[in-house]
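*Asks:* here is a sequence with its predicted model. Questions after.
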Amino acid sequence: MSARWADMRAAALAVEEAGFDGVWTWDHLRDPEAEADSDAGVPEAMTVLAALAEATHRIALGPLVLNVSNRHPGLLAQMAATLQQISGGRLLVGLGAGGHRNLPYAAEQQMLGLDVESDAVRAQRVAEAADVMRRLWRGDGTSLQGAHYRLERPSGYLRVDPAPPIVVGGFGPRMAAIAGRHADGFNTQARHPNLAGLLQIARDEHRASGRDPARFVATVFAGLEPRWLRASSRDRSALEGLGVDRLILLVSPPFDPAQIRAAGRLLTPTL
């Protein structure tokens, strides 16, 4: 939704002051609900995060989630590496397939002449993009000819140590499997009817890829409501039982720092 930088900065400072663990930005180029002649806009996600990395000191930062169709993974790898330096290692890279053709978000790509591909193709792009980014972060200079992206003996790109975790967002088994096989975590709805099944798919794929399952990150999102703030609540306990590592609580603009600070007073140890 439409937001202004000054409001986003004030909200992030309130988040850090209130004791929350991180702040996430929305990755869209326009607000589909805004009137055509409206001067309201959507600040670009990674640019905002870079500015917030300077404004804050403790909280984790991440996009929820980046539409893989909007940025070449080589460019995104460099942007993320830069942000990881600025933030002192506080970045988590949320990556997703973007909205399908029947969602209002598709218009923002179509207006720029960008194709909105099929669900299967967009999912494949997420998997390949994650692999490309990791190659560049570790300084791998070998060429790559993928189905969607190509590298020609890349050199001179920023290396990252530690590399930021890549958390793939999705709502079904295909994206859960891609998250487990190609990323470091999976993000979906806290109230997803098959949350346990999706997390199991992601973890099984992660284990099968030969990587340490203890390092896999499970994140979920929900609205900013009291039931999610108290660790003793039934909803929070259910997430704990599923091994969820991070609960992301969504707020809409115009942001109210007082509301965020009030929520912090209800907060008990976070996921």
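*Replies:* Received the coordinates, thanks.
*Asks:* which residue is the nearest non-sequential neighbour of the residue nearest the centre of the chain?
*Replies:* In the chain, the C-alpha nearest the mean C-alpha coordinate belongs to Gly94, at 2.3 Å (Cα atoms, centre = their mean). Nearest residue to Gly94, sequence neighbours excluded (Cβ to Cβ, 6 or more residues apart in numbering): Val65, at 3.4 Å. (C-beta placed from N, C-alpha, C; glycine too.)
*Asks:* the one you found and Val167 touch, don't they?
*Replies:* Yes - here Val65 reaches Val167: they are 7.3 Å apart, a contact under Cβ atoms under 8 Å.
*Asks:* joint contacts of the two?
*Replies:* By Cβ atoms under 8 Å, 6 or more residues apart in numbering, Val65 and Val167 have these common neighbours: 94-95, 187.
*Asks:* make TSV from those and add secondary structure and pLDDT to it.
*Replies:* Formatted as TSV, the shared contacts of Val65 and Val167 follow (DSSP: H, G, I helix; E, B strand; the rest coil; pLDDT from 0 to 100):
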residue	secondary structure	pLDDT
Gly94	strand	98
Leu95	strand	98
Asn187	strand	98
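*Asks:* in space, what's closest to Trp5 - neighbours in sequence excluded?
*Replies:* Nearest non-adjacent residue to Trp5, counting by Cβ to Cβ, 6+ apart: Pro43, 5.5 Å away.
*Asks:* how about the residue lying closest to Gly223 once chain neighbours are set aside, phi and psi?
*Replies:* Using Cβ to Cβ, 6+ apart and skipping residues adjacent in sequence, the residue nearest Gly223 is Leu250, 5.7 Å away. Here is the backbone geometry of Leu250 (degrees, to the nearest 10): phi -90, psi 140.
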